[in-house]
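Peer 1: I would like to see how this sequence folds:
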Amino acid sequence: LEAAFEDNALAMFNYMTPLDDDVLRNDEHHPKVYRVSAHDLHSLLFAFLDEALVTFATELYVPTNIKVTKLDREQWSIEAVASGIKYVDGKHLQGTEVKA
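Peer 2: As a prediction, the model looks like this:
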């Protein structure tokens, strides 16, 4: 289940900007922690992806690697650590915008 959350987030960002781009891969990477909770599994996935999108919208942060460090299936909460870059329009390839 942890891998499904990781893969969903990375797939969303890969749709927005190719994560295998050489320019993006060689940029300086910074860590980011995502923490969200919800009332069930589907809401947790939505909240997790939404948190990542909000971080992109406010900080232009694009994760290139995500690792779920905690997943509580009773309280429906998740914590994940990402490594990523600051997106720069014109420098990084642009894909399709995703909105929550």
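
Peer 1: hey, let's count contacts and neighbours off CA atoms from now on
Peer 2: OK.

Peer 1: A strand includes residue 31, no?
Peer 2: Yes. Secondary structure of residue 31 (DSSP: H, G, I helix; E, B strand; the rest coil): part of a strand.

Peer 1: could you pull out the strands for the protein?
Peer 2: Taking DSSP state E, the strands of the chain run over residues 30-37, 61-72, 77-86.

Peer 1: let me know how buried residue 60 is, in neighbour terms.
Peer 2: Using other C-alpha atoms under 10 Å, residue 60 has 15 other residues around it.

Peer 1: hmm, it is touching residue 86, no?
Peer 2: Yes. At 5.4 Å, residue 60 counts as touching residue 86 under the criterion of C-alpha atoms under 8 Å.

Peer 1: save the strands of the chain as CSV, and put in mean neighbour count and distance to residue 46 too.
Peer 2: Formatted as CSV, the strands of the chain follow (neighbours: other C-alpha atoms under 10 Å; distance: least, C-alpha to C-alpha, whole Å):
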stretch, mean neighbour count, distance to residue 46
strand 30-37, 16, 10
strand 61-72, 18, 14
strand 77-86, 19, 12
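
Peer 1: specify the stretch among these that is closest to residue 24.
Peer 2: Relative to residue 24, the nearest member of these by C-alpha to C-alpha is strand 77-86, separated by 7.3 Å.

Peer 1: for residue 44, which of the strands of the chain is the nearest?
Peer 2: Of the strands of the chain, nearest to residue 44 by C-alpha to C-alpha is strand 30-37, at 6.0 Å.

Peer 1: now do that closest one: which elements does it pack against?
Peer 2: Counting contacts by 3 or more C-alpha pairs under 8 Å, 6 or more residues apart in numbering; DSSP states H and E, strand 30-37 packs against helix 41-59, strand 77-86.

Peer 1: got the buried residues for the lowest-mean-pLDDT helix or strand in the chain?
Peer 2: The weakest-scoring helix or strand in the chain, judged by mean pLDDT, DSSP states H and E, is helix 22-26 (a mean of 85). Under the neighbour-count criterion of 16 or more other C-alpha atoms under 10 Å, helix 22-26 has residue 24 buried.
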